[in-house]
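[1] okay, sequence plus prediction incoming.
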Amino acid sequence: GEVMKTPAYPLPTEPKRRFTPSKHEAAQVVRLVRAIRKGWRSARTERSAVDPDDARVSVKYDLWVNEQARSLEEMTKAERTR
């Protein structure tokens, strides 16, 4: 696209470091930090290093493995809108 000659907003935008979360968001972060420290919840870096043989790993099934692709003419009106 073409570069604008004047900025979209007349005032300079504030830097991200001035952002202050709401009380609800701050309380949520505190709860998460406490849960991680107490071991109730694991951090994301630990989750990615989970052993594949571990029983906690969820198994994903392909529900449409036997499903055949059909043309729009073969489908009913309700099936087309999905």
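    It's in.
[2] residue nearest the centroid of this structure?
    residue 44 (12.9 Å; Cα atoms, centre = their mean).
[3] and the pLDDT at that one?
    Note on residue 44: pLDDT of 70.
[4] ditto for residue 16
    pLDDT, residue 16: 77.
[5] give me the contacts around the longest helix anywhere in the chain.
    When the chain is scanned for its longest helix (criterion: DSSP state H), the result is helix 23-38. Helix 23-38 has contacts (Cβ atoms under 8 Å, 6 or more residues apart in numbering) with 21, 41, 42, 43. All C-beta spots, glycine's among them, are computed from the backbone N, C-alpha and C.
[6] and the two most separated of those residues?
    21 and 42 (23.0 Å; Cβ to Cβ).
[7] burial measure for residue 32, as a count.
    13 (other Cβ atoms under 10 Å).
[8] any idea how far it is from residue 5?
    45 Å (Cβ to Cβ, to the nearest Å).
[9] and what of residue 65?
    Taking Cβ to Cβ, one finds residue 65 at 56 Å from residue 5.
[10] with residue 81 instead?
    46 Å.
[11] and for residue 42?
    51 Å.
[12] who's more crowded, the two?
    The neighbour count for residue 42 versus residue 5, taken as other Cβ under 10 Å, is higher for residue 42 (12 against 5).
[13] how about the more buried one, nearest residue that isn't a chain neighbour?
    Closest residue in space to residue 42, ignoring its immediate chain neighbours: residue 36 at 7.2 Å, by Cβ to Cβ, 6 or more residues apart in numbering.
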